[in-house]
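> need the 3D shape of this:
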Amino acid sequence: MRIAVTGSIATDHLMSFAGRFSDQFVAEQLENVSLSFLVNNLDIRRGGVAANIACALGRLGLSPVLVGAVGRDFDDYRSWLERHRVDVGSVHVSADKHTARFLCTTDEAQNQIASFYAGAMSEAREIELGAVADRVGALDLVLIAPNDPVAMLRHTEECRQRGYTFAADISQQLAIMPGEDVRKLVEGAAYLFTNEYEASLLLKHTGWTREQVLGRVGSWVTTYGPKGATVEGRGHEPISVDAVPGVDVVEPTGAGDAFRAGFLWGLSTKMSLERAAQAGCVLAGIVLESVGPQEYTLDRTDFSGRAARAYGGRAAAEIESKLRV
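This is a model prediction of the structure:
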């Protein structure tokens with residue numbers, strides 16, 4: 001299965017605050033917020049939603065096609081991705097902008113405050129998926145992940161015009177995109193990914209009910225952090241999957257990307273929706289135990305053992321049989 005992953009490619013600057021953000025806010029002064037947090041550490045890591053997902057798919061044995069825009073400072077990152085089986089031949093390199101930057105501070109309750117500098121990502125709108133398909137031969141699925149908003153709309157419309165199956169992962173861009181554009185990104189998606197908060201935001205921005213959203217997509221996959229995930233759709237009964245227990249959370253950045261990668265990997269290996277969601281939860285748990293969304297290691301025995309503890313021996317055996325790590 002040839003998967004093209006479109007979206008952000010960035011460098012992550014991850015910081016930790018030894019307190020709770022909520023303790024610093026004064027309810028009567030929220031319109032005048034001016035805060036500075038003294039952080040304990042700074043970790044600079046490779047990131048970006050599309051790159052995180054593509055790197056994970058590569059580690060699981062696929063050869064995903066990464067589609068996004070970067071700066072001329074991308075050489076080391078390019079080599080890293082290539083070593084993890086990611087096809088970077090369709091990455092656009094800007095002549096004058098830096099690769100995007102993600103700056104995120106996490107408090108002791110795992111709440112996050114973040115900023116994102118787009119940089120070269122704004123040039124992703126110049127990429128044509130038809131040229132990507134011509135280069136690699138075919139595209140079985142295109143994931144539309146957070147990116148330059150114009151690029152997201154262009155890629156989605158091109159998928160419709162060319163008949164490419166696509167999945168919608170609007171995520172962080174739900175905060176800035178108008179309802180009309182959100183509706184365009186959702187309509188006709190084979191899979192729609194949100195977390196619990198994003199699901200509410202999507203309903204608010206589109207003005208649709210849950211039933212109306214479900215009538216416009218194949219399956220709606222929603223993650224709930226430590227409460228697991230659900231998969232709802234027109235053609236199947238609702239599916240609920242528990243999160244993997246006993247995860248020692250170190251840093252939450254990239255866990256949602258890991259879930260998506262595990263889920264898409266499961267689909268690519270012909271697993272059921274339930275089993276694919278379980279694989280996603282296992283990979284998310286592994287990423288949660290590392291600092292940085294691509295700094296984890298994958299071990300076949302460990303992956304299978306986590307699946308067995310959470311979902312039983314039958315699920316673990318099926319997942320392990322598909323692993324190429």
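
> OK, contacts around the nearest residue to Val150 once chain neighbours are set aside?
In space, and not counting its chain neighbours, Val150 is closest to Arg125: 4.2 Å by C-beta to C-beta, 6 or more residues apart in numbering. Bear in mind the C-beta positions are built from the backbone N, C-alpha and C, glycine included. With contact set as C-beta atoms under 8 Å, 6 or more residues apart in numbering, Arg125 has these partners: 148, 150-151, 154.

> and Thr6, by the same measure?
50, 67-68, 124, 127, 129, 142-145, 147, 151-152, 155.

> got a pLDDT number for it?
Thr6 carries a pLDDT score of 98 in this model.

> do the same with Val291
pLDDT for Val291: 84.

> helix, strand or coil for it?
Look at Val291: counting by DSSP: H, G, I helix; E, B strand; the rest coil, its state is coil.

> that one: neighbour count?
Val291 is flanked by 16 other residues according to other C-beta atoms under 10 Å.

> let me see the backbone angles for it.
Here is the backbone geometry of Val291 (degrees, to the nearest 10): phi -90, psi 120.

> ok so, going back, need the max-distance pair from the contacts of Arg125.
Using C-beta to C-beta, the pair of these lying farthest apart is Asp148 and Arg154, separated by 9.0 Å.

> from Tyr191, how far off is the residue nearest to Val150?
From Arg125 across to Tyr191, the span is 23 Å (C-beta to C-beta, to the nearest Å).

> hmm, back to that, show me which of Asp148 and Arg154 is the more surrounded one.
Ranked by neighbour count (other C-beta under 10 Å), Asp148 and Arg154 place Asp148 first, with 25 against 20.

> for that one, which non-adjacent residue is closest in space?
With C-beta to C-beta, 6+ apart, the residue lying closest to Asp148 is Ala124, at 4.6 Å.

> neighbours around that neighbour, how many?
For Ala124, the tally of surrounding residues (other C-beta under 10 Å) stands at 29.

> isn't it right up against Ala69?
Yes - judged on C-beta atoms under 8 Å, Ala124 makes contact with Ala69 at a distance of 4.2 Å.

> any shared contact partners between these two?
92, 148, 151.

> number of residues surrounding the last one?
Spelled out, it's Ala151. As a burial measure, Ala151 scores 24 neighbours (other C-beta under 10 Å).

> tell me the contacts of it?
Neighbouring residues of Ala151 by C-beta under 8 Å, 6+ apart: 6, 69, 121, 124-125, 127.

> how about the first one?
If you count contacts by C-beta under 8 Å, 6+ apart, His92 has them with 68-70, 120, 123-124, 126-127.

> ok, so of those, who is nearest Ala284?
Looking at these and their distance to Ala284, the nearest is Gly68, at 22.0 Å (C-beta to C-beta).

> need the phi and psi values for the closest residue to the closest one other than its chain neighbours.
Distances taken as C-beta to C-beta, 6+ apart put Ile9 closest to Gly68, at 4.4 Å, once the chain neighbours are dropped. Backbone torsions of Ile9, given as degrees, to the nearest 10, read phi -130, psi 120.

> count the residues that sit near Ile9.
Burial of Ile9 is recorded as 32 neighbouring residues (other C-beta under 10 Å).

> that one contacts Cys55, doesn't it?
No - with contact defined as C-beta under 8 Å, Ile9 does not reach Cys55; the gap is 10.3 Å.

> what is the burial count for Arg160?
A count of neighbours around Arg160, defined by other C-beta under 10 Å, yields 12.

> typed the wrong thing, it's Gln172
Residues contacting Gln172 under the criterion other C-beta under 10 Å number 17.

> once you drop chain neighbours, what's closest to Leu323?
Nearest residue to Leu323, sequence neighbours excluded (C-beta to C-beta, 6+ apart): Arg300, at 5.2 Å.

> over to Ala168?
Sequence neighbours aside, Ala189 is the residue nearest to Ala168 in space, at 4.0 Å (criterion: C-beta to C-beta, 6+ apart).

> that neighbour and Arg160: what is the separation?
Remark: distance between Ala189 and Arg160 (C-beta to C-beta) = 10 Å.

> and for these two, which residues touch both?
Contacts common to Ala189 and Arg160, judged by C-beta under 8 Å, 6+ apart, are Phe166.
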